[in-house]
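In: Quick one: sequence plus predicted model below, questions after.
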Amino acid sequence: MLAYFDCFSGISGDMTLGALIDLGVPVQWLKESLKSVPISDFELSITSVSRHGIQAKRVHITSEDNTASRDFATIKSLINNSPLSLDIKQRSLEIFDKIADAEAVIHGCPKEHVHFHEVGGVDSIIDIVGTSLCLDYLGIEKIISSKIPLGKGFVSSQHGKLPIPAPATIGILKDVPVYGSGIPQELVTPTGAAIIVTLAKSYEAIPEMIVKKTGYGAGKRDLDTIPNVLRIIVGNEIKGKFQHTSGYKTDTIMVLETCIDDMNPEIFGFLMDRLFKEGALDVYWVPVFMKKNRPGTMVQVLCRENDSEILIDCILSETSALGIRYYHVKRSILAREYVIVKTAYGEIQVKRVIEPGGNVRIIPEYEVCKKIAQDNNIPLRIVYETIMKSFSE
């Protein structure tokens, strides 16, 4: 089961837990499961609230536990000493580990001695362990997230006034695509950041999927401009599934383009190598005529959306281009897989392609054939022919 975290209004621990409960996790089951964690008595209650007309689940946690602060070693002990399954323990500790790493850098102390304040109370332990329990109950195997919006301003903490996003939050979000929302509120908490960084495989637009259900979890505040909810969409991922009986499938990729007429042409070769290394699916140099009839080169790159930002950075840093055009395109591609063919040169990996109508052909990899030709001092053409004959036999 695939889950898409649509974080248009940010993410926090209680928003995540509320959205997962809204997807169908029984509250009583969750309460009983959480009681296995050795902490003081707590009460978990769920209410339905409206955020700009959207009904969402709001999580409330009360506890007699007055421990406002715990270090990482204590939290690890609490979770490890519970009878929870190994997978749930590991996932919960991975989330806390992200917070501990960020706090250790900020405060300059060993990770084990990091003192949790806001995230050390019962509510954050319940949010994180509860999220792990809910994901297991719902059978969610893969999570993809939208890019993460950040608020602005200041927030009060045990350490005094801190800028938004809080230092721990922005530390956790290292290497994650974010954007400024302009909203003067804390949209992403350290707990929310740690949850999504631990769980998400990528950060992109909603993937191709068959939607089964949607859950909404409400944040504490009711924002003026947008509904303060986290939306989680679950369903079946469309991956490698044929969309046409003719033997090909469709997907969506991105095209990046820019035109250059004032750059040393030697740079183009280096640029192409870098683009492929950073994940480009294909790269083209297209002759064009530009302003004042100057000859130039259009750089056109095909890529997956989650690779687009690093490829744009690559083009803008390596070339004289001042901007990039980009857009989504649909493509139809033949089904293909890699198979091993036994040949006179040993076992060779080739691409097996299924054509419309069911015919099969293979495509040997150029670099593999090139190495064989060089090592054996034979024409490249002979290598191709030998591999093709071995496959047909």
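Out: Yep, that arrived. Numbers count the residues shown, from 1 in each chain.

In: When you work out contacts or count neighbours from here on, use the C-alpha atoms and nothing else.
Out: OK.

In: any chance you could map the helices in the protein?
Out: Secondary structure of the chain by DSSP state H: the helices cover 13-22, 27-34, 72-80, 86-107, 122-138, 167-172, 190-199, 266-277, 308-318, 366-376, 380-392.

In: just those: most buried one?
Out: Of those, the one with the most neighbours on average (mean count of other C-alpha atoms under 10 Å) is helix 13-22, at a mean of 28.

In: Give me the contacts around it.
Out: Applying C-alpha atoms under 8 Å, 6 or more residues apart in numbering, the contact partners of helix 13-22 are 27, 46, 56-59, 124, 127-128, 130-131, 134-135, 189, 191-192, 195, 214-219, 229-232.

In: related to what we said a few turns ago, which among the helices of the chain is found nearest to L256?
Out: helix 308-318 (7.5 Å; C-alpha to C-alpha).

In: For that closest one, enumerate the helices and strands it packs against.
Out: strand 248-260, helix 266-277 (3 or more C-alpha pairs under 8 Å, 6 or more residues apart in numbering; DSSP states H and E).

In: Next, the residues that contact the shortest one from outside, please.
Out: So the one you mean is helix 266-277. Applying C-alpha under 8 Å, 6+ apart, the contact partners of helix 266-277 are 282-283, 311, 314-315, 318-319.

In: Dump it to PDB, keeping only the CA atoms.
Out: The C-alpha trace of helix 266-277 is given here as PDB (Å, rounded to 0.1, in the frame of the first residue of the first chain):
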ATOM      1  CA  GLU A 266      34.300  22.100 -24.600                       C
ATOM      2  CA  ILE A 267      32.100  22.500 -21.500                       C
ATOM      3  CA  PHE A 268      29.200  20.600 -23.200                       C
ATOM      4  CA  GLY A 269      30.900  17.200 -23.000                       C
ATOM      5  CA  PHE A 270      31.600  17.700 -19.300                       C
ATOM      6  CA  LEU A 271      28.100  18.900 -18.700                       C
ATOM      7  CA  MET A 272      26.600  15.800 -20.300                       C
ATOM      8  CA  ASP A 273      28.600  13.500 -18.100                       C
ATOM      9  CA  ARG A 274      27.500  15.300 -15.000                       C
ATOM     10  CA  LEU A 275      23.800  15.300 -16.000                       C
ATOM     11  CA  PHE A 276      23.800  11.600 -16.500                       C
ATOM     12  CA  LYS A 277      25.600  11.100 -13.200                       C
END
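
In: Next, the angle helix 308-318 makes with it.
Out: Put simply, helix 266-277 runs at 160 degrees to helix 308-318, going by axes from the mean of the first three to the mean of the last three C-alpha atoms, to 10 degrees.

In: what mean pLDDT does helix 266-277 have?
Out: Across helix 266-277, the average pLDDT comes to 94.

In: ditto for the longest one
Out: For strand 248-260, the mean per-residue pLDDT is 88.

In: thinking again about what came up before, let's have the contacts of helix 266-277 in CSV, adding pLDDT.
Out: Shown next, in CSV, are these (pLDDT from 0 to 100):
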residue, pLDDT
D282, 95
V283, 96
L311, 95
C314, 95
I315, 96
E318, 95
T319, 95
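
In: Between those, which sits nearest L199?
Out: L311 (24.1 Å).

In: Contact partners for the closest one?
Out: 275, 278-280.
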